[in-house]
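**Q** Here's my sequence, what's the structure:
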Amino acid sequence: MYTGGKAVDSKEGGGGGSGKQGSWGGLNSLIRRKQVDSVHVKSGGQQLAKELTIPHLVAIGVGSTIGAGVYILVGTVAREHSGPALAISFLIAGIAAALSAFCYAELASRCPSAGSAYHYTYICIGEGVAWLVGWALILEYTIGGSAVARGISPNLALLFGGEDSLPAFIARQYIPALDMVVDPCAAILVFIVTGLLCVGIKESTVAQGIVTIANVCAMIFVIVAGTYLGFKTGWAGYELPTGYFPFGVNGMLAGSATVFFAYIGFDTVASAAEEVKNPQRDLPLGIGAALSICCALYMLVSIVIVGLVPYHAMDPDTPISTAFASHGMQWAAYVITAGAVTALCSTLMGSILPQPRILMAMARDGLLPSFFSDINKRTQVPVKSTIATGIGAAVLAFFMDVSQLAGMVSVGTLLAFTMVAICVLILRYVPPDEVPLPSSLQESIDSVSSWQGRNSHEISEEDPKAHVGSSKESTKPLLDKVDILVELPLIEKQLPFVNYTISEDNRRKIAGWTIMFTCVGVLLLTYSASDLGLPGFLRYTLCGAGGILLLLGLVVLTFIDQDEARHNFGHTGGFICPFVPLLPIVCILINVYLLINLGADTWARVTIWLLVGVVIYVFYGRTHSSLEDAIYVPAAHADEIFRSSENYVS
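**A** Here you go, the predicted model:
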């Protein structure tokens, strides 16, 4: 590891994202960061098949996002929160989701490897937080897939004539001895989807695309037929004395917070990044197109349904079917139920697809057993991880009604959204300036180090001041600590409240601390604004302190330069997130607010799961990590060391 004077093993010097952090004892593993591309991939290890294009990504994104929830949400949210302004609630929620989508688009194109938010967090923040994110995502996808599978059988039964019309061998059965209702249909569907995912990513994505098209056609039917009925009957839902905002603007915003979760799913696209043919172009377009299609469909459906039936008269369980039935179109219920079934099947595939790739990424990094990282040579997918995921989800779907655990799904997603936004800030202002290399490259590191040291010594004898200026200067010694100033743009960029030019080292320190205090400010502000049980004085004090930290963080990050190394970080040429730092900070604020408001019961369950993860990490992941023996060197010399090692071998 690079510690100012020499390269040392991470066990001795403390593996971290920066070699200047010294020895922190057993905590050093929490802050060590990996490369954009894992050593496993760089060394020519087996990779996933690159088969996906933009249409495949749109199918994954739309299919994973639009579930049967939309067929229920429109009734519940309209009755309790938004009224006729339901479409505006969906629009605001879509804009909030788009903030996370922008952050995902940049990171997915820069770091196109399996693992999604876990992968980005490991690169930008550190191993400890990355483990918790990955562990939370495992919980999200397992419970999410099980809950979706449980929801298919009752909707499927309606297509066959009623709740008890399914054949006995797949119908739900109550077992008195266990005091539970088992669902064979849910387990069978999970196994079918698992088998399909094992065949190959392209084949499973095509199947998901077909199911998604059927779902979209059902929604288009609702929009077209509902528009016809609306013009025919005079849009009774909009001719109310209560006006367009019967619950006020606050009610409409509360509805936005509720329907925000209808957009969860587009992050599944990022989990398939390693399988995309042209990730720099296709991933941002796939994420953006999927989210735009979902937002448009949600808004159009809500406009139509709220106009057909007054919001206070909507059925909270089957609002769309009831709306059509009230106008004499009972047969439309079959089309709508078919849409719900296809939506659930597509969402089930989207829930199971990412988890094997999360497991594979964590196993590649040594945090889980290597069993999960095996890739089938014929299908080029992680078959063992997929089967393990399918078995876990099927058992859970068979035995448990996981509807009461649905809130735990949101924790994983919102935590991932928050970390991705923080990663964008880190990438722009303090990107990792060192990379970990395996200890097997020690000879190449020593060779390049000695060459760079001699070269630097010769130059310093000729003109000691000639090469001070850029942090990217090729004559920078590999293993000698030096203080280097950076020529900032606009002659001398200054903070409005500090009258001196910022050196590069100070700029990185200021940016790093500012990002941390901004996150603390967000936490204080959202917690104090949400917890009405706090005493008034304490609540307003915390709220004010959090707001001041947040505003100061935004101002400081706005007025200092972003790091020049951001232009070359990862795979360049892809999407660039706009309005940094404002957009990521707003994204963090929204997601943390939603996280805090999920409820105490949800957080109690999630805390137990995270504690189990901490135990596994402490006793297995920390000591088996691929970075355990890594040596950290300046990023500018990594490629040169790899070339030197190739020449040495040849």
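
**Q** average pLDDT across stretch 235-242?
**A** For stretch 235-242, mean pLDDT rounds to 87.

**Q** Show residues contacting that stretch.
**A** G83, P84, Y244, P246, V306, G307, L308, V309, P310, Y311 (CB atoms under 8 Å, 6 or more residues apart in numbering). The C-beta positions use only the backbone N, C-alpha and C, and glycine is treated the same way.

**Q** ok, and the most crowded of those?
**A** The most crowded member of the contacts of stretch 235-242, judged by other CB atoms under 10 Å, is V306 (28 neighbours).

**Q** My guess is that one contacts A78. True?
**A** Yes - with contact defined as CB atoms under 8 Å, V306 and A78 form a contacting pair (5.6 Å).

**Q** Point out where the protein drops to low pLDDT.
**A** 1-26, 38-46, 403, 451-501, 642-643, 645-650 (pLDDT under 70).

**Q** can you do 50?
**A** Residue ranges of the chain with pLDDT under 50: 1-25, 40, 459-460, 464-494, 497-499, 649.

**Q** Map the structural domains onto the sequence of it.
**A** If you go by the TED database, the domain ranges for the chain are 49-431, 506-562.

**Q** Would you mind finding the most buried of these?
**A** domain 49-431 (a mean of 21; mean count of other CB atoms under 10 Å).

**Q** what's the span of it from first residue to last?
**A** The separation between the terminal residues of domain 49-431, taken as CA to CA, to the nearest Å, is 29 Å.

**Q** what's I170 in contact with, if anything?
**A** For I170, the contacting residues are S153, P184, C185, I188, by CB under 8 Å, 6+ apart.

**Q** Likewise for R378?
**A** Neighbour list for R378: empty [criterion: CB under 8 Å, 6+ apart].

**Q** tell me the phi and psi of it?
**A** R378 has phi and psi values of phi -80, psi -50 when expressed as degrees, to the nearest 10.

**Q** follow-up on the earlier one: need the overlap of contacts for V306 and A78.
**A** Common contacts of V306 and A78, defined by CB under 8 Å, 6+ apart, comprise P84, L86, M314.

**Q** I'd say the last one and A78 touch.
**A** This means M314. Yes - distance between M314 and A78: 5.6 Å, which falls inside the contact criterion (CB under 8 Å).

**Q** Pull the contacting residues for the nearest residue to T121 once chain neighbours are set aside.
**A** If you skip the residues right next to it in sequence, T121 has A130 as its closest partner in space, 4.2 Å away by CB to CB, 6 or more residues apart in numbering. Contacts here follow CB under 8 Å, 6+ apart; on that basis A130 touches Y118, H119, T121, Y122.

**Q** any idea which of the residues you listed is closest to L414?
**A** Sorting those by how near they are to L414, with CB to CB, puts T121 at the top with 14.0 Å.

**Q** Can you tell me the element that closest one falls in?
**A** Applying DSSP states H and E as the criterion places T121 in helix 117-124.

**Q** by contact count, what packs against that helix?
**A** Based on contacts counted as 3 or more CB pairs under 8 Å, 6 or more residues apart in numbering; DSSP states H and E, the elements that helix 117-124 packs against are helix 127-159, helix 354-364, helix 406-429.
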